[in-house]
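**Q** fold the stuff below for me.
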Amino acid sequence: MEIGSAGPVGAQPLIMVPRRPGYGTMGKPIKLLANCFQVEIPKIDVYLYGDLVPECRNWWLREVVDSMVQHFKVTIFGDRRSVYDGKRRLYTANPLPVATTGVDLDVTLPGEGGKDRPFKVSIKFVSRVSWHLLHEVLTGRTLPEPLELDKPISTNPVHAVDVVLRHLPSMKYTPVGRSFFSAPEGYDHPLGGGREVWFGFHQSVRPAMWKMMLNIDERDLWQQLRIWIKKQVSRNKHFFEKSKKKKKKNLQIVVSVI
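**A** Now for the predicted structure:
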């Protein structure tokens, strides 16, 4: 293994990993069943957009962005497929017709009692991410810096693949960290004390030998219903306190002397 370079800094990778010399011939081949699935990645570039900052609760973010895509389908998104990471990043397969300085979009969700909820969403182009490079690395034709999820997101093709594969499960199930869970239907697993078990799965995508692999594991999660109910009551209490303050502000006090 060679470490370092005599040439200028950045002229070539700092670490040259030796190639595999060959394959073993003494052992006996066996078949293994693994919870890994090969992922076919198209040879395209994807486009990363950021600064999606609607001021709302985390559980509304995907609903707001999905409504934005549907509402501006004719003027901006068209047939361009988009995936959202649930935070501040959106990937599309084709560039969006927005200015380089970005664009602010107004999105409205229907609220309870006929009161709509307005949001402002900002979209700004960040970078173009190459899946061509991903194929080059997987086939051994080039050796850039390691393709890991901790590489800067603006140029990380593995992160883009990960967001694509997590987009649909995030819309159908309840995401918790890197796992997905669904509420029991037709059965329950109570643990007592207001707790129950939800079952789901954990998924992660990683580069392997000449291909991308999706790993899926089973997961279980206990949901603390008591804590959830307490949060709901606390949230409503905060709402009523605000309502009382509003009414107090509009009160007119008349002093009578007897």
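**Q** now find how far off-centre the helix or strand hosting Ser204 is within its chain.
**A** Ser204 belongs to strand 195-208 when assigned by DSSP states H and E. Its chain's C-alpha centre and that of strand 195-208 lie 14 Å apart, by Cα atoms, centre = their mean, to the nearest Å.
**Q** so where do the helices sit in this structure?
**A** 61-71, 131-138, 157-172, 225-249 (DSSP state H).
**Q** mean pLDDT lowest where, among these?
**A** When these are compared by mean pLDDT, helix 225-249 comes last with a mean of 56.
**Q** so where's the stretch 51-200 of the chain shaky on pLDDT?
**A** 54-58, 142-153, 193-194 (pLDDT under 70).
**Q** let's see that with 90 instead.
**A** Residues of the stretch 51-200 of the chain that meet the criterion pLDDT under 90 lie in 51-65, 74, 78-81, 85-88, 98-102, 107-122, 130, 132-158, 168-200.
**Q** distance-wise, check the closest residue to Leu165 other than its chain neighbours relative to Pro97.
**A** Closest residue to Leu165 apart from its sequence neighbours, by Cβ to Cβ, 6 or more residues apart in numbering: Val205 at 5.7 Å. Every C-beta, even on glycine, is put in place using the N, C-alpha and C of the backbone. Distance from Val205 to Pro97, counting by Cβ to Cβ, to the nearest Å: 30 Å.
**Q** the more surrounded of the two?
**A** Val205 (22 against 11; other Cβ atoms under 10 Å).
**Q** specify the beta-bridge partners of that one.
**A** Leu214 (DSSP bridges).
**Q** just the pLDDT for it.
**A** Val205 is given a pLDDT of 89.
**Q** contact partners for the most centrally placed residue in the chain?
**A** For the chain, Asp85 is the residue whose C-alpha lies nearest the centre (Cα atoms, centre = their mean; 2.3 Å). Asp85 makes contact with Tyr91, Val163, Arg166, according to Cβ atoms under 8 Å, 6 or more residues apart in numbering.
**Q** gap between it and Leu33?
**A** Taking Cβ to Cβ, one finds Asp85 at 31 Å from Leu33.
**Q** ditto for Asp79
**A** The value you get for Asp79 to Leu33, if Cβ to Cβ is used, is 39 Å.
**Q** now do the nearest residue to Gly111 once chain neighbours are set aside against Asp66, distance only.
**A** Using Cβ to Cβ, 6+ apart and skipping residues adjacent in sequence, the residue nearest Gly111 is Arg117, 4.6 Å away. If you measure Arg117 against Asp66 using Cβ to Cβ, the figure is 14 Å.
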